[in-house]
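Trainee: mind looking at a prediction? Sequence and model below.
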Amino acid sequence: RTTLIFQGTGHIETDEATRNRLYEMVPEVEQNHDPDRKGAALIIDITSMQGNTPRGGVRVQRNG
């Protein structure tokens with residue numbers, strides 16, 4: 001069992017090329033929820049991640 005906690009700053013992406021690229025990257029099952037592509041593209045710049053996995057603890061901190 002894995003639990004990860006992400007922290008960061010998010011923004012809504014308005015650039016159409018980036019939105020299309022992001023849409024193409026998500027699994028088809030997710031695309032099927034928004035076939036008309038009316039949803040927002042939320043980009044999160046992750047600053048830290050921590051949690052536990054079956055292999056042990058995880059702690060990642062972004063520098064600068």
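Mentor: In hand now; what should we look at? Numbers count the residues shown, from 1 in each chain.
Trainee: what residues does the longest strand along the chain touch?
Mentor: Criterion DSSP state E: the longest strand present in the chain is strand 41-53. Outside strand 41-53, the residues within contact range by CB atoms under 8 Å, 6 or more residues apart in numbering are 2-13, 18-19, 22-23, 57-62. (Each C-beta comes from the backbone N, C-alpha and C, glycine too.)
Trainee: restricted to helices, list those residues.
Mentor: By the criterion of DSSP state H, membership of the contacts of strand 41-53 in helices covers 18, 19, 22, 23.
Trainee: number of residues surrounding the last one?
Mentor: Okay, so that is residue 23. Other residues near residue 23 number 14, with proximity taken as other CB atoms under 10 Å.
Trainee: tell me what residue 60 is bridged to.
Mentor: In this structure, residue 60 has the following beta-bridge partners (DSSP bridges): residue 49.
Trainee: gap between it and residue 5?
Mentor: Computed with CB to CB, to the nearest Å, the distance linking residue 60 and residue 5 is 11 Å.
Trainee: one more: residue 32?
Mentor: Taking CB to CB as the criterion, residue 32 is separated from residue 5 by 29 Å.
Trainee: residue ranges with poor pLDDT in this protein?
Mentor: Within the chain, no stretch has pLDDT under 70.
Trainee: using PDB, write out every CA atom in the longest strand of the chain.
Mentor: These are the backbone C-alpha positions of strand 41-53, laid out as PDB (Å, rounded to 0.1, in the frame of the first residue of the first chain):
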ATOM      1  CA  ALA A  41      -5.800  22.000 -17.700                       C
ATOM      2  CA  LEU A  42      -4.400  22.300 -14.200                       C
ATOM      3  CA  ILE A  43      -0.600  22.300 -14.000                       C
ATOM      4  CA  ILE A  44       0.900  21.700 -10.600                       C
ATOM      5  CA  ASP A  45       4.600  22.600 -10.000                       C
ATOM      6  CA  ILE A  46       5.500  20.200  -7.300                       C
ATOM      7  CA  THR A  47       7.700  21.500  -4.500                       C
ATOM      8  CA  SER A  48       7.800  18.400  -2.200                       C
ATOM      9  CA  MET A  49       6.600  14.800  -1.900                       C
ATOM     10  CA  GLN A  50       6.500  12.600   1.100                       C
ATOM     11  CA  GLY A  51       4.900   9.400   2.200                       C
ATOM     12  CA  ASN A  52       5.300   5.600   2.500                       C
ATOM     13  CA  THR A  53       5.500   2.700   0.100                       C
END
